[in-house]
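Peer 1: coords please:
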Amino acid sequence: MDSSLPILSLSAVAVAGAAATLPRIKARLELSRAKHRSLSGHSKMSRRVARLLPFYEFSADKYFNADGAPPEIASQRKDAFFALAKLYAERFAKGRQMTAEAVTHISDLQFTRAYRVPFQFSKLVQENLGTSAFMASSTGVTVTDVDGNLFYDLTGSYGVNIFGNDFYKECIAEGEKRAEGLGPMLGFYHPVVADNVRRICDISGLDEVSFHMSGTEAVMQAVRLARYHTKRTHLVRFAGAYHGWWGDVQPGVGNPISPHETYTLAEMSEKTLHVLRTRRDIACVLVNPLQALHPNANAPGDSALVDSSRSAHFDRDAYTAWLKELRQVCTERGIVLILDEVFLGFRIAAGGAQEYFGVRADMVTYGKSLAGGLPIGVVCGTKELMRRFRDDRPADVCFARGTFNSHPYVMTAMDEFLSRLASPNFRSIYDGLEATWNGRAEALNARLEQENLPVRVANMSSVWTVQYTEPSRYNWMLQYYLGAEGLALSWVGTGRLIFSLNFTDGDFAEVEQRFVAAAQKMKRDGWWWHSPTLTNKAIRRQILKEMIASKFGR
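Peer 2: Residues are numbered from 1 along each chain as shown. Predicted coordinates for the structure are as follows:
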């Protein structure tokens, strides 16, 4: 009998070990199931894949028939490409020369130049269709470059320009006058800060505010405070969402080091809600409401237009229902819900996304649109969450500071912005706003369909993205035709068109006309030719073959 005791002891240990291990395995499986199936939902995998992709570029002959186009179509495209290149060289001569000189010393320009189009096509585009990075002036809804060319501005200053460039110039000019007496004094507050704080608290419905130097910093501090007060380690972000370029919220491609306290989960998913209900290490959930336009997908850019599979669709009711359910789960579990409004700001409602979707967050972050166009990041939160120290433990603090926080010139420009936003006459700009921009998108889509052009737009109010309805490897060329028609885009091309709210019906009619004209010329020049057998799937298979051939030197 004694000989059986060690065996029984080992069995008991094994059973106890299994009992302790199984819940962890179950939790891990649930976490895996809550990830989105795309690479944007699998950060580690996306980094591995990115490291494996080889660089290659097309020869001059292959460049124009990468989709198997016949010789006559390839020749037509080639002639059109170099005709467009000639136009660019003549029309943007000064700006292109300035950009070519600046690019050797500005790393940002080097990056944006290289990633305007799919890398297989990039070299010839850089050599022949280089754009100007320099603008000389802005007025109304237009901008003028250093060569004197007038463009309708569809860049939106990366989301900052909500009410028009003139509006922000006025805020900055008036703010400068008011700050002149104090000057760039740091450490002390300009008197307008008190009014700014009161009004921001009224808008956000939260108790306290802290100022930072960028939206990225604001999100960093919000997450840090959530971890500090919940005593939990992990943040949840959703696949594809952008919250700045710092490590914890950019765990995939672009970050040299993988963070270990970030869960990237699928948005609008019951499996994600289950993870939030069951895990005990989640401090906060970050929501970028712009993702409602393309849930679980990365921000669209033309450098990723390898085929025509890009899609977007905004369903306000569905996203509202998701946010309300998310709000309930976070409340039940003591998880801090952070609404990142750095990009959308006050674009969709005077009270921001909280007002628009009818959901209250525990913390909200705002960005540059709030400061009349000058650099700023703002964190708003409840009194309990914003506290950076503990009364009973004096050395236990959550430190945050910045040299230029609450800069007088920024604060006075912010006061100008907030004063105008509070005016009932100014707030009338939001009356019928969604119907206006939905109607404009519908009108453009109807015109594109009528003209039998393989292009459509999807929108979330005044933020738009362009989609393509027929398989093609050359959709990225549209940005250059739009530029030739006098439409200014940001470096992500047709991935994001951002209209300021001061576009009149007449302004938009002109944009519509130019957009359609650009698409017509692109179709005429053969870029949207495709064989009946060409599909998006076939394009992706062809690209895979090209990469394998490049990798193994075939």
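Peer 1: In this structure F343 contacts S157, no?
Peer 2: No - with contact defined as Cβ atoms under 8 Å, F343 does not reach S157; the gap is 11.1 Å. Where C-beta positions appear, they are placed from N, C-alpha and C, glycine not excepted.
Peer 1: who has more neighbours, the two?
Peer 2: Using other Cβ atoms under 10 Å, the more surrounded residue of F343 and S157 is F343, with 24 against 18.
Peer 1: Quick check: chain neighbours aside, which residue is closest to the more buried one?
Peer 2: Nearest residue to F343, sequence neighbours excluded (Cβ to Cβ, 6 or more residues apart in numbering): G159, at 4.3 Å.
Peer 1: Count the neighbours of that neighbour for me.
Peer 2: Residues lying near G159 (other Cβ under 10 Å) number 21.
Peer 1: what sits against it?
Peer 2: By Cβ atoms under 8 Å, 6 or more residues apart in numbering, G159 lies in contact with V342, F343, L344, G345, R347, G367, S369, V463, I498.
Peer 1: And the strands in the stretch 251-400 of the chain?
Peer 2: In the stretch 251-400 of the chain, the segments counted as strands under DSSP state E, counting those that start in this stretch are 262-265, 282-287, 336-340, 363-366, 377-381, 389-390, 393-397.
Peer 1: Output the first one as PDB, restricted to C-alpha atoms.
Peer 2: Okay, so that is strand 262-265. Extracted in PDB, the C-alpha atoms of strand 262-265 (Å, rounded to 0.1, in the frame of the first residue of the first chain):
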ATOM      1  CA  THR A 262      -1.900  45.800 -25.200                       C
ATOM      2  CA  TYR A 263      -4.800  43.700 -26.500                       C
ATOM      3  CA  THR A 264      -5.900  44.400 -30.100                       C
ATOM      4  CA  LEU A 265      -9.500  43.100 -30.400                       C
END
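Peer 1: Tell me how many other residues surround L418.
Peer 2: Neighbours of L418 under the rule other Cβ under 10 Å: 22.
Peer 1: Next one: it from I162, what distance?
Peer 2: 13 Å (Cβ to Cβ, to the nearest Å).
Peer 1: What of W464?
Peer 2: In this view, W464 and I162 are 15 Å apart by Cβ to Cβ.
Peer 1: does R237 count as helix, strand or coil?
Peer 2: Under DSSP: H, G, I helix; E, B strand; the rest coil, R237 falls in the strand class.
Peer 1: Tell me if I'm right that it and W246 touch.
Peer 2: No - assessed by Cβ under 8 Å, R237 is found out of contact with W246, at 11.6 Å.
Peer 1: who has more neighbours, those two?
Peer 2: Between R237 and W246, R237 has the larger neighbour count (other Cβ under 10 Å), namely 27 against 14.
Peer 1: Specify the angle between the helix or strand containing V219 and strand 336-340 in degrees.
Peer 2: According to DSSP states H and E, V219 maps onto helix 215-230. Angle, helix 215-230 to strand 336-340, by axes from the mean of the first three to the mean of the last three Cα atoms, to 10 degrees: 170 degrees.
Peer 1: what's the angle between helix 215-230 and strand 393-397?
Peer 2: Using the same axes, to 10 degrees: helix 215-230 against strand 393-397 is 140 degrees.
Peer 1: Over helix 215-230, what's the mean pLDDT, rounded is fine.
Peer 2: Helix 215-230 shows a mean pLDDT of 96.
Peer 1: what's it packed up against?
Peer 2: Applying 3 or more Cβ pairs under 8 Å, 6 or more residues apart in numbering; DSSP states H and E, one finds that helix 215-230 makes contact with strand 208-212, strand 234-238, strand 282-287, strand 336-340, strand 363-366, strand 377-381, helix 383-386.
Peer 1: is it possible to export the ones you listed to JSON lines including mean pLDDT?
Peer 2: Putting these into JSON lines (pLDDT from 0 to 100) gives the following:
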{"stretch": "strand 208-212", "mean pLDDT": "95"}
{"stretch": "strand 234-238", "mean pLDDT": "97"}
{"stretch": "strand 282-287", "mean pLDDT": "98"}
{"stretch": "strand 336-340", "mean pLDDT": "98"}
{"stretch": "strand 363-366", "mean pLDDT": "97"}
{"stretch": "strand 377-381", "mean pLDDT": "96"}
{"stretch": "helix 383-386", "mean pLDDT": "96"}
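Peer 1: Q110 in helix, strand or coil?
Peer 2: helix.
Peer 1: ok, now how distant is M477 from V125?
Peer 2: Look at M477 and V125: by Cβ to Cβ, they are 9 Å apart.
Peer 1: Of these two, give the one with the bigger neighbour count.
Peer 2: Higher neighbour count among M477 and V125: M477, with 26 against 22, using other Cβ under 10 Å.
Peer 1: Pretty sure that one sits against M522.
Peer 2: Yes - using Cβ under 8 Å, M477 makes contact with M522 at a distance of 6.1 Å.
Peer 1: gap between the two ends of stretch 131-151?
Peer 2: 13 Å (Cα to Cα, to the nearest Å).
Peer 1: what residues does that stretch touch?
Peer 2: Residues from elsewhere that reach stretch 131-151 (Cβ under 8 Å, 6+ apart): 88, 91-96, 98-99, 102-103, 109, 112, 116, 152-153, 155, 164-166, 169, 483, 486-488, 499-500, 502-503, 507.
Peer 1: Could you identify the buried members of the residues you listed?
Peer 2: The neighbour count (16 or more other Cβ atoms under 10 Å) marks 88, 91-92, 95-96, 98-99, 103, 109, 112, 116, 152-153, 155, 164-165, 483, 486-488, 499-500, 502-503, 507 as buried among the contacts of stretch 131-151.
Peer 1: Inside strands: which ones of the residues you listed?
Peer 2: Judged by DSSP state E, the subset of the buried ones among the contacts of stretch 131-151 located in strands is Y152, D153, L487, A488.
Peer 1: Any idea how many residues pack against K368?
Peer 2: By the criterion of other Cβ under 10 Å, K368 has 24 neighbours.
Peer 1: Next, work out how far apart it and P251 are.
Peer 2: Distance of K368 to P251, computed by Cβ to Cβ: 25 Å.
Peer 1: next one: R447
Peer 2: 41 Å.
Peer 1: and what of L265?
Peer 2: In terms of Cβ to Cβ, L265 sits 12 Å off from P251.
Peer 1: which residues are in contact with both of these two?
Peer 2: R237.
Peer 1: so how many other residues sit close to S214?
Peer 2: Residues within reach of S214, counting by other Cβ under 10 Å, total 18.
Peer 1: Which residues are in contact with it?
Peer 2: Contact partners of S214, counting by Cβ under 8 Å, 6+ apart, are G244, G367, P375, I376, G377.
Peer 1: just to revisit the earlier point, tell me which of the contacts of G159 is nearest to Y189?
Peer 2: G367 (20.4 Å; Cβ to Cβ).
Peer 1: quick one: contacts for that closest one?
Peer 2: G159, V160, S214, G215, A218, E341, V342, F343, G345, I376, G377, V378.
Peer 1: Over to L448?
Peer 2: V455, R456, V516, A519.
Peer 1: Could you rerun that using 10 Å?
Peer 2: P454, V455, R456, V457, V466, T469, E512, F515, V516, A519, Q520 (Cβ atoms under 10 Å, 6 or more residues apart in numbering).
Peer 1: what does E170 give?
Peer 2: Neighbouring residues of E170 by Cβ under 10 Å, 6+ apart: F163, G164, G372, G373, A413, E416, F417, R420.
Peer 1: Verify the contact between the third one and R420 for me.
Peer 2: Yes - using Cβ atoms under 10 Å, G372 is in contact with R420, at 8.9 Å.
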